[in-house]
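[1] Mind looking at a prediction? Sequence and model below.
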Amino acid sequence: MSQNLVEKIEYYRSMMMNLTTNHSFTSNAVIQASQKLDEYLNQLQKSKLKY
């Protein structure tokens with residue numbers, strides 16, 4: 001499960017970096033990618049706390 005989360009985290013991290021080259025940090029696209037990234041980071045953190 002955590003490998004899938006790591007892949008999603010990498011995907012959204014990369015997407016966010018790419019988006020910020022053409023959009024401001026406060027644009028909807030960047031905010032949505034950031035929120036999704038936060039969600040997956042939180043899930044990963046919670047899964048690591050269980051062990």
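    In hand now; what should we look at? Keep in mind the model is a prediction, meaning the values are calculated, not measured.
[2] count of residues packed around the nearest residue to S24 once chain neighbours are set aside?
    Residue nearest to S24 in three dimensions, not counting chain neighbours: V30, with 7.1 Å by C-beta to C-beta, 6 or more residues apart in numbering. (Each C-beta comes from the backbone N, C-alpha and C, glycine too.) Using other C-beta atoms under 10 Å, V30 is surrounded by 19 other residues.
[3] how about V30, what does it touch?
    16, 19-20, 23-24 (C-beta atoms under 8 Å, 6 or more residues apart in numbering).
[4] so what secondary structure elements neighbour the strand or helix carrying L19?
    For L19, the element it lies in under DSSP states H and E is helix 2-22. Counting contacts by 3 or more C-beta pairs under 8 Å, 6 or more residues apart in numbering; DSSP states H and E, helix 2-22 is packed against helix 28-49.
[5] From the chain's centroid, how far away is the helix it packs on?
    When C-alpha coordinates are averaged (C-alpha atoms, centre = their mean, to the nearest Å), helix 28-49 and its chain have centres 5 Å apart.
[6] hmm, back to that, tell me which residues of the helix holding L19 are tucked away?
    In terms of neighbour count (16 or more other C-beta atoms under 10 Å), helix 2-22 has its buried residues at 5, 8-9, 12, 15-16, 19.
[7] Can you give the distance of it from its chain's centre?
    Relative to the chain's own centre, helix 2-22 is displaced by 5 Å; criterion: C-alpha atoms, centre = their mean.
[8] Quick one: work out the angle between it and helix 28-49.
    In terms of direction (axes from the mean of the first three to the mean of the last three C-alpha atoms, to 10 degrees), helix 2-22 departs from helix 28-49 by 160 degrees.
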